[in-house]
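Asks: This is a predicted model, with the sequence first.
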Amino acid sequence: MTRSDKNTSDTEIETLFAAARSAPPTVPEALMASILADAGQMQPAQPAQGGVFSWLRALGGGPGVGGLVFATCVGFWIGVAPPANLPDLAGQLLNLQSSTDIDDSDLTGFGWDIEEG
């Protein structure tokens with residue numbers, strides 16, 4: 001296929017597209033009214049706008065709010081009473097605990113207590 005053949009076929013296709021755009025298909029008014037009526041019946045009822053419920057819908061409804069509450073509770077719990085493996089950052093910031101208070105018994109769970117030899 002040469003360059004001129006490609007240009008000729010593109011021109012022919014463009015003329016066919018122009019002819020199709022000049023006479024778009026029409027839908028009968030009765031059919032369009034029936035389609036719109038059916039679509040209106042299938043739409044869910046719109047709840048009242050504003051208030052707390054609009055915020056809940058924006059957050060993802062019940063599942064989204066439940067996940068946020070759970071993550072907040074777990075974050076607060078870990079922040080207040082961290083597991084033994086994690087450093088107590090709040091205590092370190094408030095000088096309630098120094099980083100030298102860690103004993104070697106905390107390192108046995110990771111296999112760091114094994115020595116060579």
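Replies: Looks like it came in fine.

Asks: contacts and neighbour counts: CA atoms only from here.
Replies: Will do.

Asks: Could you identify the helix or strand that succeeds the helix or strand in which Ala18 is found?
Replies: Using DSSP states H and E, the element containing Ala18 is helix 3-22. Downstream of helix 3-22, the first helix or strand assigned by DSSP H and E is helix 29-42.

Asks: what's in contact with the following helix or strand past that following helix?
Replies: Next along the chain after helix 29-42, taking DSSP H and E as the criterion, comes helix 52-58. Residues from elsewhere that reach helix 52-58 (CA atoms under 8 Å, 6 or more residues apart in numbering): Gly62, Val65.

Asks: go with 6 Å
Replies: Outside helix 52-58, not one residue touches it by CA atoms under 6 Å, 6 or more residues apart in numbering.

Asks: now could you export just the CA positions of that helix as CSV?
Replies: Taking Å, rounded to 0.1, in the frame of the first residue of the first chain, the C-alpha atoms of helix 52-58 are listed here in CSV:
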residue,chain,number,x,y,z
VAL,A,52,-25.4,14.9,59.2
PHE,A,53,-26.7,12.4,56.7
SER,A,54,-25.1,14.2,53.8
TRP,A,55,-21.7,13.9,55.6
LEU,A,56,-22.3,10.2,56.2
ARG,A,57,-23.1,9.6,52.5
ALA,A,58,-19.9,11.6,51.5
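
Asks: List the buried residues for it?
Replies: By neighbour count with 16 or more other CA atoms under 10 Å, helix 52-58 contains no buried residues.

Asks: For that helix, give the mean pLDDT please.
Replies: In this model, helix 52-58 has a mean pLDDT of 82.
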